[in-house]
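[1] Structure of the sequence below:
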Amino acid sequence: MKTAELTMPEIALIAGTRGVLGAGLALLLADRLTEDQRKAAGWAMFLIGAISTIPLVLDVFCKRR
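    Now for the predicted structure:
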């Protein structure tokens, strides 16, 4: 089994990016806003969450043993 040692700030960043990605996805699927508002906010949050996850994933894989 491979392990990776992560600090609390790294874990918080990972959780935060997952939260933003999930919130963006939820906005895309919800009916609370107008369609244009929902799509703009949802895609922005989804893409920010996805793009900010990439460096964190690379960091975790570099720390694996």
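[2] sec struct for L28, please.
    helix (DSSP: H, G, I helix; E, B strand; the rest coil).
[3] who's in contact with it?
    Residues counted as contacts of L28 (Cβ atoms under 8 Å, 6 or more residues apart in numbering) are 38-39, 42-43, 46. For glycine as for every other residue, the C-beta is placed from the backbone atoms N, C-alpha and C.
[4] Report the secondary structure state of D31.
    Applying three-state DSSP: D31 is coil.
[5] Starting from Q37, give me the distance back to it.
    For D31, the distance to Q37 equals 11 Å [Cβ to Cβ, to the nearest Å].
[6] More neighbours: which of the two?
    For D31 versus Q37, neighbours defined as other Cβ atoms under 10 Å are more numerous around Q37 (11 against 7).
[7] Distance-wise, check the more buried one relative to G49.
    Per Cβ to Cβ, Q37 is found 18 Å from G49.
[8] I figured E10 was touching P55, is that so?
    No: the criterion here is Cβ atoms under 8 Å, and E10 misses it with P55 at 10.8 Å.
[9] So for the two, which sits in the more crowded spot?
    Neighbours per residue (other Cβ under 10 Å) separate E10 from P55, with E10 holding more: 15 against 11.
[10] That one: what's it in contact with?
    Contact analysis of E10 by Cβ under 8 Å, 6+ apart lists 56, 59-60.
[11] Let's have these in a markdown table, adding neighbour count.
    Output for those, formatted as a markdown table (neighbours: other Cβ atoms under 10 Å):
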| residue | neighbour count |
| --- | --- |
| L56 | 17 |
| D59 | 14 |
| V60 | 14 |
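[12] What is the nearest of those to E5?
    V60 (9.9 Å; Cβ to Cβ).
[13] Leaving out chain neighbours, which residue sits closest to that closest one?
    Once flanking residues are discounted, V60 sits nearest to A4: 5.2 Å by Cβ to Cβ, 6 or more residues apart in numbering.
[14] what's across from that neighbour in the sheet?
    On the basis of DSSP bridges, A4 is bridged to R64.
[15] pretty sure it contacts K63?
    Yes: here A4 lies in contact with K63, judged by Cβ under 8 Å, at a distance of 4.4 Å.
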